[in-house]
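Asker: give me a model of this one.
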Amino acid sequence: MKKQLSLGIALLLGVSVLAAGCGEEKQAPKEKPQQAAALDMTGVKDGTYTADSSEHEKLGHSHVELTIKNGAIEKVVHTSIDKEGKQKDEHYGEGKEPGAQKKAQNAYKAIVSYGEQLTASKDLAKVDAVSGATVSYDQFKEAVTKAVEQAKK
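Answerer: Residues are numbered from 1 along each chain as shown. As a prediction, the model looks like this:
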């Protein structure tokens with residue numbers, strides 16, 4: 001009887017260890033960028049307005065030029081300036097290690113897409129953040145909001 005009990009406990013422990021080892025490894029969920037709220041375009045005047053975001057100590061800042069016509073965003077030019085004052089372009093990240101270069105190019109493509117998305121949708125809330133380029137996205141939102149506020153003065 002003792003032998004059967006010991007064998008049963010050993011079997012139960014073995015199955016428990018095996019089941020625990022087969023569990024799915026869970027990773028912490030990646031933080032999603034916060035989507036922007038819709039812009040209040042009430043009282044904006046037609047014209048072209050520019051604004052800069054605040055400076056990021058490592059990545060620089062964003063600059064936007066918005067053209068507003070008939071109370072709506074007609075055109076958006078979005079540029080990003082690195083911490084040395086150079087405009088980020090298709091060569092951004094060249095000379096860095098491959099992982100950093102890939103991340104820099106992803107950010108550059110996002111920078112371009114943010115302006116294109118806003119021009120097409122005319123609604124900041126419909127501009128999709130690109131994972132890996134959240135600083136650029138936040139800077140874009142900030143600069144656009146500042147430009148729209150200028151258009152209300």
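Asker: what does the biggest helix by length in the chain rub up against?
Answerer: For the chain, the helix with the greatest residue count under DSSP state H is helix 98-121. Helix 98-121 has contacts (CB atoms under 8 Å, 6 or more residues apart in numbering) with 59, 62, 64, 73-80, 88-90, 92-96, 124, 126-128, 130, 132-133, 135-137, 140, 144. From N, CA and C alone the C-beta is placed, and that goes for glycine too.
Asker: next helix or strand past the worst-scoring helix or strand of the chain on mean pLDDT?
Answerer: Lowest on mean pLDDT, DSSP states H and E among the helices and strands of the chain sits helix 2-21, with a mean of 55. Per DSSP states H and E, helix 2-21 leads on to strand 47-52 as the next helix or strand towards the C-terminus.
Asker: partner strands of that next one, with direction?
Answerer: strand 61-69 (antiparallel) (DSSP bridges).
Asker: got the confidence number for the nearest residue to Gly47 once chain neighbours are set aside?
Answerer: The spatially closest residue to Gly47, leaving aside those adjacent along the chain, is Ile68, at 6.2 Å (CB to CB, 6 or more residues apart in numbering). On the pLDDT scale, Ile68 is placed at 96.
Asker: what's the burial count for Ile68?
Answerer: Number of residues near Ile68 (other CB atoms under 10 Å) recorded here: 21.
Asker: ok, Glu94 next?
Answerer: 10.
Asker: from Lys153, how far out is the residue nearest to the spatial centre of the chain?
Answerer: In the chain, the residue lying closest to the centroid (CA atoms, centre = their mean) is Thr134, at 2.6 Å. Going from Thr134 to Lys153 by CB to CB, to the nearest Å gives 30 Å.
Asker: kindly report the same for Thr50.
Answerer: 13 Å.
Asker: more neighbours: those two, which one.
Answerer: When Thr50 and Lys153 are compared for neighbours, Thr50 comes out ahead with 13 against 8, by other CB under 10 Å.
Asker: the more buried one: what's it in contact with?
Answerer: Thr50 touches 63-66, 147, counting by CB under 8 Å, 6+ apart.
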